[in-house]
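Novice: just need the structure, nothing else, for what follows:
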Amino acid sequence: MKILTFLVLSFVFFHNLQANNIEAFSSNKNLILSYQNYPDSSSLDNRFDLYISLLFKYDIQVDSILGEESVKGYDKYDEFFDYRKNKIRVWLDRGAVYKILTKDKTVDFLGTHIGNNVQSFRKVFGKSRREEKGAVHFNFDGTYIVVKYNPKTKITLGVFIMNEDYEK
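Specialist: Reported below is the predicted structural model:
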C-alpha cells in the first residue's frame, strides 16, 4: 500500500499542472487529496499572497497560474524568467521557483507599497532578521522578504520574496 500511495502522490505531484495546490494525507489505508485554490492573479488586492504561493512551483505551473508565458533573460550571474504582464521576475533552482522580485508599486504588501519609506515595511513585517546598506530582511511566516531601498532617501525600490534568506 505504501508503494501505491507513493506512486499516486508522485503522479499527482508531477502531472498536476493546473492552478491548484494539492495537499496529500495518508491515514492508515486511506489516501485523501485536498485542493486549495491559488489566489486570483487578476485581483490587485491579493498579489502578495499569489507571489508567495509561486515559491517551489515549476516554471510550467507558474505559466499556468499567472496566465502568461515567461521571457527568459540573464543577468551577471543567473538565468531568470520575466512575467511582464504580472510585473515579476523569478529565479529557478532545479526547475522550481526559489526567488521572486517585483518593483510594482501597486502590489499591496499588507498595507504598504513599494515607493513608500522603508519604515512602513518595518511596521508591517516587524523586527528584521538582518539589515545591510540598502536592504532589510524579514521572516514572514516561513517566507523571506527582502526589501531593497535607497539608503539616502529610505524610499523602497523593490521586494524579493524567497524560500530562504541569502547570506552575504
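Novice: quickly find the element holding the residue nearest the centre of the chain.
Specialist: By Cα atoms, centre = their mean, the mean C-alpha position of the chain lies nearest to Ile52, the distance being 3.3 Å. In this assignment (DSSP states H and E), Ile52 forms part of helix 47-53.
Novice: return that helix as CSV; C-alpha atoms alone will do.
Specialist: Extracted in CSV, the C-alpha atoms of helix 47-53 (Å, rounded to 0.1, in the frame of the first residue of the first chain):
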residue,chain,number,x,y,z
ARG,A,47,-1.0,39.6,-5.5
PHE,A,48,1.4,39.3,-2.5
ASP,A,49,-0.3,36.1,-1.5
LEU,A,50,-0.2,34.9,-5.1
TYR,A,51,3.5,35.6,-5.4
ILE,A,52,4.2,33.7,-2.1
SER,A,53,2.2,30.8,-3.5
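Novice: in the next helix or strand after it, what counts as buried?
Specialist: For helix 47-53, the following helix or strand on the C-terminal side (DSSP H and E) is helix 59-66. Neighbour-count burial for helix 59-66, counted by 16 or more other Cβ atoms under 10 Å, picks out Asp59, Gln61, Val62, Asp63, Ser64, Ile65, Leu66. Placement of C-beta: from N, CA and C, glycine included.
Novice: wait, the third one touches Glu69, no?
Specialist: No - the pair Val62 and Glu69 fails to qualify as a contact (Cβ atoms under 8 Å) at a distance of 9.7 Å.
Novice: now do the end-to-end distance for stretch 148-164.
Specialist: This stretch, stretch 148-164, spans 16 Å end to end (Cα to Cα, to the nearest Å).
Novice: need the residues that contact it.
Specialist: Residues outside stretch 148-164 that contact it (Cβ atoms under 8 Å, 6 or more residues apart in numbering): 51-52, 55-56, 97-103, 107, 109, 114-121, 133-136, 143-147.
Novice: same check on stretch 100-112?
Specialist: 44-45, 47-48, 51, 54-55, 87-91, 113-115, 120-121, 123-125, 145, 157-162.
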